[in-house]
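Novice: Attaching a predicted model along with its sequence, questions to come.
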Amino acid sequence: MTDPTPQPDQTEAQTHSGFVAIVGKPNVGKSTLLNSFLGTKVAPTSPRPQTTRRDVRGIYTTDTHQIVFVDTPGVHKPKDALGKYMNHEVQSALADVDAIVWVVDLRHPPTDEDRLVANQIRDLPKPLFLVGNKTDAAKYPDEAMKLYGALLEGRESESSETMLSAQNNPGAVGTLREQILDALPENPFFYPRGAASDQTREMWAAEIIREEAMKKLRDELPYAVATRVNRWTERDDGLQRIEGEIVVEKNAHKGMVIGSGGKQLREIGQAARKQLEVFLSKKVYLGLEVIVIPGWREDEEALRELGYE
Ligand SMILES: Nc1nc2c(ncn2[C@@H]2O[C@H](COP(=O)(O)OP(=O)(O)OP(=O)(O)O)[C@@H](O)[C@H]2O)c(=O)[nH]1
C-alpha cells in the first residue's frame, strides 16, 4: 500500500516549461512581439525586412512557468546560401518546439509568403496561436483576419486567434502570453529563473549595431551587411569598450557605409552606442570598422565565421 501522506517534494508546485517559435514572413512584427512579451529588448527590430537572421531566444519565467521563445528568421523563398540557411533554420526550429506563434500583418491580405508559412505549420500537432498584428494601422483588420484564418482550414489540432498591436497593446500581449503559458507541457525549467536570453552579449551588441546600420543605409544596401563584435572589455571606471566590424561584400559598399568623410559610419556608431548605453546603463565606447568579405552571403565558410552556423 502507498503512503497517502504527501512527501515534501510532492507538495512542490509542478513546473511547466517549453519552447515556443515565433514564425511569420519578414517584417510582420515578430521581433516587436517578442520584445513586448518579454518587456525588454532582446531581438533587434527595424523597419527593414529580414533583420533577424539568427535564432534569438528570449526567456519569460513566472513562479511556475517558463517560455523559451525562439525567434525565427522570416520564411521566404531562398535566393542564395543565406536564404537557404534561413529556411533551414525555420524548419529545425519548428520540429523542436512545443507551441507556435504565427504572426501576420493585418494591414494587408495574405501573400504567397504567408501561404508558404501556413503550409509549413498547418498540420503540426502542437498548439498554434495565430496573431493578427498591427491592428493600429489596419483598415480592415477583421476581414484580413478571416483571410489568414482560412489558410489554416483543415487543421485538426488546437489553434487560437488574437488581434493586437505588438507595438502598443501591452494588455492584449499579456493576455496572449497567459494563453501560451497555459499551453506549456509539464517540464522542469530549461533555464535558470534569472535568465533573459541565451545570446552572448557580443551577439546582442552586434545585432544592435546591424539594426542601426540597416536604418541608416535604407535603400542603398538591401541586406548584404553583417556585423560582429570582436572585443569587449570593461575598464575599472565601468566604461564598456566594444570593438565591432561591419562586413560588406564589395569595396564599393565599404565607401557607402563609411560615407563622405566618415560621416555615415560615425552616425551609425553614435546611434548604436546610445542604444547600448541605454540597455546596459553604462558608458560605452564603440569602435567600428568596415571590412570587405567578397560574396560572404554565398560563402558557407564566411557565413560560419560570421556566426550563421
Ligand atoms: N503600426 C505598427 N507597426 C508595427 C507593429 N509591430 C511592429 N511594427 C513595425 O513593423 C516593422 C517590422 O517589425 P519587426 O518586429 O522588425 O518585424 P519582424 O517580423 O521581426 O521582421 P524580420 O526580422 O524582417 O523577419 C517595424 O518597423 C516595426 O516597428 C504594430 O503593432 N503596429
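Specialist: Happy to help now that I have it. Numbering: from 1, shown residues only.
Novice: which stretches of the stretch 151-300 of the chain form strands?
Specialist: 159-163, 226-234, 240-248, 284-292 (DSSP state E, counting those that start in this stretch).
Novice: repeat for the stretch 1-150 of the chain
Specialist: 16-23, 56-61, 65-71, 99-105, 128-133.
Novice: of the ones you listed, which approaches L288 most closely?
Specialist: Closest of these to L288 is strand 56-61, at 21.6 Å (criterion: CB to CB). Quick note: C-beta positions are derived from backbone N, CA and C, even for glycine.
Novice: Report pLDDT for the residue nearest to L33 when sequence neighbours are not counted.
Specialist: Computed as CB to CB, 6 or more residues apart in numbering, the closest residue to L33 that is not its neighbour in sequence is A166, at 4.0 Å. On the pLDDT scale, A166 is placed at 95.
Novice: swap in E143?
Specialist: Reported pLDDT for E143: 97.
Novice: Report how many residues lie close to it.
Specialist: Around E143 there are 11 other residues, counting by other CB atoms under 10 Å.
Novice: just to revisit the earlier point, let me know which of the strands of the stretch 1-150 of the chain is the nearest to the ligand.
Specialist: The ligand lies closest to strand 128-133 among these, at 5.2 Å (CB to the nearest ligand atom).
Novice: what sits against G287?
Specialist: Contact analysis of G287 by CB atoms under 8 Å, 6 or more residues apart in numbering lists 241-244, 269.
Novice: rewinding a little: surely the residue nearest to L33 meets T32?
Specialist: Yes - between A166 and T32 a contact is recorded at 4.3 Å, counting by CB atoms under 8 Å.
Novice: Could you list the single helix or strand in this protein with the lowest mean pLDDT?
Specialist: Least confident helix or strand of the chain, by mean pLDDT, DSSP states H and E, is helix 8-11 with a mean of 39.
Novice: hang on, the earlier thing: just name the most buried of the strands of the stretch 151-300 of the chain.
Specialist: For the strands of the stretch 151-300 of the chain, average neighbour numbers computed from mean count of other CB atoms under 10 Å are highest in strand 240-248, which has a mean of 21.
Novice: got the angle between that one and strand 284-292?
Specialist: 20 degrees (axes from the mean of the first three to the mean of the last three CA atoms, to 10 degrees).
Novice: out of everything not next to it in sequence, what's closest to G295?
Specialist: E249 (5.9 Å).
Novice: Hmm, E298 and the one you found touching each other?
Specialist: No - contact criterion CB under 8 Å: E249 and E298 do not qualify, at 9.0 Å.
Novice: burial count for R177?
Specialist: Per other CB under 10 Å, the neighbour tally for R177 reads 22.
Novice: ok, it - contacts?
Specialist: So R177 contacts 37, 60, 67 (CB under 8 Å, 6+ apart).
Novice: switch to 6 Å and redo it
Specialist: The contact partners of R177, taken as CB atoms under 6 Å, 6 or more residues apart in numbering, are F37.
Novice: if I look at it, how far off is G149?
Specialist: 21 Å (CB to CB, to the nearest Å).
Novice: picking up where we left off before, could you export the strands of the stretch 151-300 of the chain as CSV, including mean pLDDT?
Specialist: Output for the strands of the stretch 151-300 of the chain, formatted as CSV (pLDDT from 0 to 100):
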stretch, mean pLDDT
strand 159-163, 95
strand 226-234, 91
strand 240-248, 94
strand 284-292, 95
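Novice: Switch those strands over to JSON lines; also include distance to M145.
Specialist: Rendered in JSON lines, the data for these read as follows (distance: least, CB to CB, whole Å):
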{"stretch": "strand 159-163", "distance to M145": "6"}
{"stretch": "strand 226-234", "distance to M145": "36"}
{"stretch": "strand 240-248", "distance to M145": "39"}
{"stretch": "strand 284-292", "distance to M145": "42"}
